[in-house]
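Peer 1: please work out how this folds:
(3 chains, ligands or ions: 2)
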Amino acid sequence: MKSFTGAIAVINKALYVISGIVLSCMVMLTFIDVILRNFGHPITGSMEFIQYGGCIVFSFSVPFGTMLGAQVIVDLIIERINPRKKRIINIITRCVGIMIFLFIAYNFLIYGIDVRKTGERTASFKIPYYPFAFALSFSFLMQSFTIFCDLIKKVKGADNE
Amino acid sequence: QEKVMKLRLSVFWPPQHPHTKLFEQWGKDVEKVTNGRVTVTVFASSTLSPPMQVYDNTVKGIVDVGTALLAYAPGRLPLSEVLQLPLGYRNGYQGSKLANAYYKKFKPKEFDDVKVLFLHGAAPGFIFTKKPVKSTDEVKGLRIRANAENAPIVKALGASPVTMPVTEAYDALSRGVVDGTLFPLEALQGFKIGEVVKTVIENYGVSYLTSQFAIMNKAKWNQLSPEDQKAIEKINDEYNDKIGRQWDALDQKAKEFAKGKGVIFLEVSKEEEAVTVEKMKPILDDYVKMAKSKGLPGDEALKFCLDYLKKNP
Amino acid sequence: MSDTAIGMYSIILLLALFLTGLEMAYCLILIGFFGFTFLMSFPAASNLVIKDFFDNFTTYSYTVIPLFILMGEFASNSNIAKRLYTGAHKWFGHIPGGLAMTTIAGATAFKAMCGSTLATVGTFSNLAMPEMDRYNYRKEISAGTIASVSTLGMILPPSTVLIIYGLQVEQSIGRLFIAGIVPSLMIAFLFMGVVVGWVSIKPEMAPRAERATWKERIAAIPEALIILIVFAIVIGGMITGFFSPTEAGTIGTVAIFILALIRREVNKGMLISAFKGALKTAIMVLMLIAGSSIFGHFLAITEIPMIAAKWASSLPIPSTLIMIVIILIYLIGGSIMDDLAFMVVATPIFFPTAIQLGYDPIWFGILICVTLMIGGLIPPIAVYVFILGNITGLPFGTIYKGVIPFLSALIVALVILFIFPQIALWLPNLMMGVG
Ligand code: NA
Ligand code: NA
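Peer 2: Ligands and ions are numbered 1, 2, ... in the order given. Have a look, this model is predicted:
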């Protein structure tokens, strides 16, 4: 089990690094575009790079973001009940989370296969949509694994403060 | 009692917009001709579906009826891209009638996953500039905002296309991030662009159609009885005509609005227009090549459209 | 059960679900999905969820969120922010609440260049919070200042909310921008008033420092000047059209990066920590946006927004009361869903009523923006408070103790604006003529 949790963490971190690299490429591209445009030579379609670069940045930072605690929780009540009940509620909500993202990952897979067939692609550079759909599917699959790791921790009672 | 089919219709125009009202009227007429078996609720301002997703969301049944730009389903409707080429459209009525006639003639397979109610669109599309200009030549070297699908038109004129969301066009023009824009006349008022530009170059050589679809979820359509289908088909033809006229009326209003803001409408000579038409040729050739590579009759579609425009000025 | 009733129950269910500690974004997805399944169909709902994710994740304007947050992260990780606050402390530290006021001025200026209120709260939670901690400001006052001042961006140009309002109701966007200036300055001053009042009642909230010597103060100027130059580049570049508001975040990031490079403050640790923080905050915001649009699309088909609006417009009461009802609806709507989403849904319906009652369209736009600012701060869905809480790790109780005084200032501003429409209309009428 430990090696499973470890592997998830490594993959999530790798996705997060990719998303950071894409973000820095977006910074550079925009900077160069602004300079060139003011000399009369804009990079045509730079918006599309930023737009779909953003898609990679956002989707690849989902699972590691969750590990870093990027999901907003209303803890008004949950922090005030007794640890035993809190643990049970936590286990239930983790299971719900896993189901949600497995379901989303599956539907993105279907969507990816579908847009591959319909041939939808970006307007400027004609990049097909389907790799983005598959990337999203993979990220959300990792997201559900990440929540699963959290569940294991909760079941073991690691955070029984 | 018969079961009532409730249709949810998505438009991106705001609720007061005449086109929104027109689609509401369409809904009422549908209810009337089907004796109340079908009701329609219109959701304005993209509250039901983001504009870029309308086509696919109609296929998937998130939306029952939807209207949006053909360009918002990029790559999915290759043969119909002929409609957005710079064919020299005179007005939105002509464009809307042509779009519909084209659909009826070719029945392109690419639309097979939906029921097409009718096609329509805004025209003429022209270049508007922030600084006053005296001829189309002066566009050379300028940074012109354009949608991705129209970027080749800008390039062919020797200008640099800049793509950005339509909602940013106003701010970008007012601050000078770009020197001009390619837009249908209607945008002068619809997006308030008339407030921030000085010249509209009325060069029909670049005039393209912002082509749009009005489509329905296929499963929902197939659930209708043949009589109801027939009755709806009949009013669709009327509405294709009505929306075409309304595009025209909006253009006239937008023109008045812009003139009120001091915008100059620059008429260009026949020679200048002819030069521009020549410059647009490679764009038409590229389309035919692209269609051919997909095994589609692009040359026939193009010829049909050009002939139609000649015959119906 | 009618569609509307289903909608009402779902809202209650959503609020209950929040309390279980299930992540807010997940709650929104879940209720939106089941509601849509119930009213439309299972396949439609399954597709709705992924289509909304896809659409939001590929929306160009949302890319400003990570880019602006990255700029803030660079500023705080390269000690630039720290030195700026040190300088501000030398100059204003002896004034009660001086740093809180610096934050108000700073965030107002920052928003003027960045265009995103969510980016502002993300940036200042990272940047200003630790600095105010350093000078022993109580958490309540620093958190309250940051959360409240971040909402100001809604009426401060270039405001996305105002652009969309202008397009929706066909009003001049330029006029709306200008109309937002005086009210936003008024609110900034009211906020400063809150700081002064609060600190004079409870001096322990913001400890006063020894008055720094003039020598120390002058020594702090070059530091501040460099930052001011970066600020000037970003704002100046935007006003002159060198780049667009969406690109300003990138330009600011590059400028601060170059500055840090010159000072040899760029290292691996600083880069990693900046990117790590920026991505974390960005994905937090995006997940919430995606969740709200799924829930929002479900709420749209229940037709609740339309029905509420029609009901208010048909009430047989004086126009001022109708207007107050409309504002209350915006307040409730803004407090339970995303501000922009609610405005888009509700404005088309209330706008005609407001106009029929003889109110000015520009003024109405500014008024509902101030209402939505309040909505963004009050529970159950108080995005600004949630983001701040998540970044700083502060409990909501503490943040709310800080937010309430500023919230009352916002309500005062709303009342003033309601009674004196000229506050919004004077400047645009002066600059663009009476329209
Ligand atoms: Na709220
Ligand atoms: Na809100």
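Peer 1: give me every residue that touches C:K276.
Peer 2: Shown in contact with C:K276 (CB atoms under 8 Å, 6 or more residues apart in numbering or on different chains): A:Y16, A:G20, A:L68. Backbone N, C-alpha and C define where each C-beta goes, glycine included.
Peer 1: what helix or strand does it sit in?
Peer 2: C:K276 belongs to helix C:268-302 when assigned by DSSP states H and E.
Peer 1: try B:V40
Peer 2: Here B:V40 is assigned to strand B:38-43, by DSSP H and E.
Peer 1: go on, C:L28?
Peer 2: For C:L28, the host element (DSSP H and E) is helix C:24-39.
Peer 1: got the contact list for A:V17?
Peer 2: Contacts of A:V17 by CB under 8 Å, 6+ apart: none found.
Peer 1: ok, now with 10 Å
Peer 2: A:F60, A:F64, C:I272, C:F275, C:K276, C:L279 (CB atoms under 10 Å, 6 or more residues apart in numbering or on different chains).
Peer 1: surely the third one meets A:S24?
Peer 2: No: in terms of CB atoms under 10 Å, C:I272 does not count as a neighbour of A:S24; the distance is 11.8 Å.
Peer 1: pLDDT weak spots in the chain?
Peer 2: You didn't say which chain, so I picked chain A. A:75-76, A:158-161 (pLDDT under 70).
Peer 1: actually, chain B is the one I wanted.
Peer 2: For chain B (pLDDT under 70), the answer is B:1-2.
Peer 1: longest helix in it, please.
Peer 2: If you go by DSSP state H, chain B has its longest helix at helix B:226-260.
Peer 1: show me the strands paired with whatever helix or strand comes next after that helix, marking each as parallel or antiparallel.
Peer 2: Scanning forward in sequence from helix B:226-260 by DSSP H and E, the next helix or strand is strand B:264-267. Paired neighbours of strand B:264-267 in the sheet (DSSP bridges): strand B:199-202 (parallel).
Peer 1: residues in contact with the strand it pairs with?
Peer 2: With CB under 10 Å, 6+ apart, strand B:199-202 has contacts from B:124, B:126-136, B:138-139, B:157, B:180, B:183, B:185, B:188, B:193-194, B:254-255, B:258-259, B:263-268, B:272-273, B:276.
Peer 1: so which residues of chain B form helices?
Peer 2: Taking DSSP H, the helices of chain B run over residues B:18-33, B:54-59, B:92-106, B:151-156, B:166-175, B:187-190, B:218-223, B:226-260, B:270-293, B:298-311.
Peer 1: same thing with chain A?
Peer 2: Under DSSP H, chain A gives helices at A:2-38, A:46-60, A:62-67, A:83-118, A:130-156.
Peer 1: mind giving me CSV with those helices and columns for distance to B:S10?
Peer 2: Below are the helices of chain A laid out as CSV (distance: least, CB to CB, whole Å):
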stretch, distance to B:S10
helix A:2-38, 31
helix A:46-60, 22
helix A:62-67, 28
helix A:83-118, 19
helix A:130-156, 22
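Peer 1: for these, which one sits closest to ligand 2?
Peer 2: Set against ligand 2 and scored by CB to the ion, those come closest in helix A:46-60, at 20.9 Å.
Peer 1: helices or strands up against that closest one?
Peer 2: helix A:2-38, helix A:130-156, helix C:42-57, helix C:64-77, helix C:245-262, helix C:268-302 (3 or more CB pairs under 10 Å, 6 or more residues apart in numbering or on different chains; DSSP states H and E).
Peer 1: highest mean neighbour count out of those?
Peer 2: Mean neighbour count (mean count of other CB atoms under 10 Å in any protein chain shown) peaks for helix C:64-77 among the helices and strands packed on helix A:46-60, with a mean of 28.
Peer 1: does it reach chain B?
Peer 2: No: judged by CB under 10 Å from any CB of the partner chain, helix C:64-77 makes no contact with chain B; its nearest approach is 11.0 Å.
Peer 1: close to chain A, is that helix?
Peer 2: Yes: if you take CB under 10 Å from any CB as the test, helix C:64-77 does meet chain A, through C:V64, C:I65, C:P66, C:L67, C:L70, C:M71.
Peer 1: in those, find the pair that's most separated.
Peer 2: The span of these, defined through CB to CB, is set by C:I65 and C:M71 at 11.3 Å.
Peer 1: for residue 31, what are its contacts?
Peer 2: Here I'm looking at chain A. C:F243, C:E247, C:T250, C:I251, C:T253, C:V254, C:A255, C:F257 are the contacts of A:F31 under CB under 10 Å, 6+ apart.
Peer 1: nope, chain C
Peer 2: Going by CB under 10 Å, 6+ apart, C:I31 touches C:9-11, C:13-17, C:291, C:294-295, C:298-299.
Peer 1: ok and the residue in chain A nearest ligand 2?
Peer 2: For chain A, CB to the ion, closest residue to ligand 2: A:V72, 12.9 Å.
Peer 1: before we move on, the earlier item: the helix holding C:K276 near ligand 2 anywhere?
Peer 2: No: interface with ligand 2: helix C:268-302 contributes nothing (CB under 5 Å from the ion), its closest point being 8.6 Å away.
Peer 1: tell me the mean pLDDT over the next helix or strand after that helix?
Peer 2: Downstream of helix C:268-302, the next assigned helix or strand under DSSP H and E is helix C:304-313. Across helix C:304-313, pLDDT averages out at 73.
Peer 1: just the angle between whichever helix or strand comes after helix C:304-313 and helix C:304-313, please?
Peer 2: For helix C:304-313, the succeeding helix or strand toward the C-terminus, using DSSP H and E, is helix C:319-336. Angle of helix C:319-336 versus helix C:304-313, following axes from the mean of the first three to the mean of the last three CA atoms, to 10 degrees, is 160 degrees.
Peer 1: output the contacting helices and strands for helix C:319-336.
Peer 2: helix C:3-18, helix C:268-302, helix C:304-313, helix C:339-356, helix C:361-377, helix C:396-419.
Peer 1: so can I have TSV of these showing distance to B:A73?
Peer 2: Compiled in TSV, the helices and strands packed on helix C:319-336 are given as follows (distance: least, CB to CB, whole Å):
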stretch	distance to B:A73
helix C:3-18	29
helix C:268-302	19
helix C:304-313	28
helix C:339-356	23
helix C:361-377	33
helix C:396-419	43
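Peer 1: pick the most buried one from those.
Peer 2: Using mean count of other CB under 10 Å, helix C:361-377 ranks as the most buried of those, with a mean of 25.
Peer 1: give me the most central residue, chain A.
Peer 2: For chain A, the residue nearest the mean C-alpha position is A:V62 (2.5 Å; CA atoms, centre = their mean).
Peer 1: out of the helices and strands packed on helix C:319-336, nearest to C:L176?
Peer 2: Taking those one by one with CB to CB, helix C:361-377 is closest: 5.6 Å.
Peer 1: hang on, the earlier thing: out of the contacts of C:K276, which comes closest to C:M154?
Peer 2: A:L68 (28.5 Å).
Peer 1: mind checking pLDDT for the residue nearest to the closest one when sequence neighbours are not counted?
Peer 2: Closest residue to A:L68 apart from its sequence neighbours, by CB to CB, 6 or more residues apart in numbering or on different chains: C:K280 at 5.0 Å. pLDDT recorded at C:K280 is 89.
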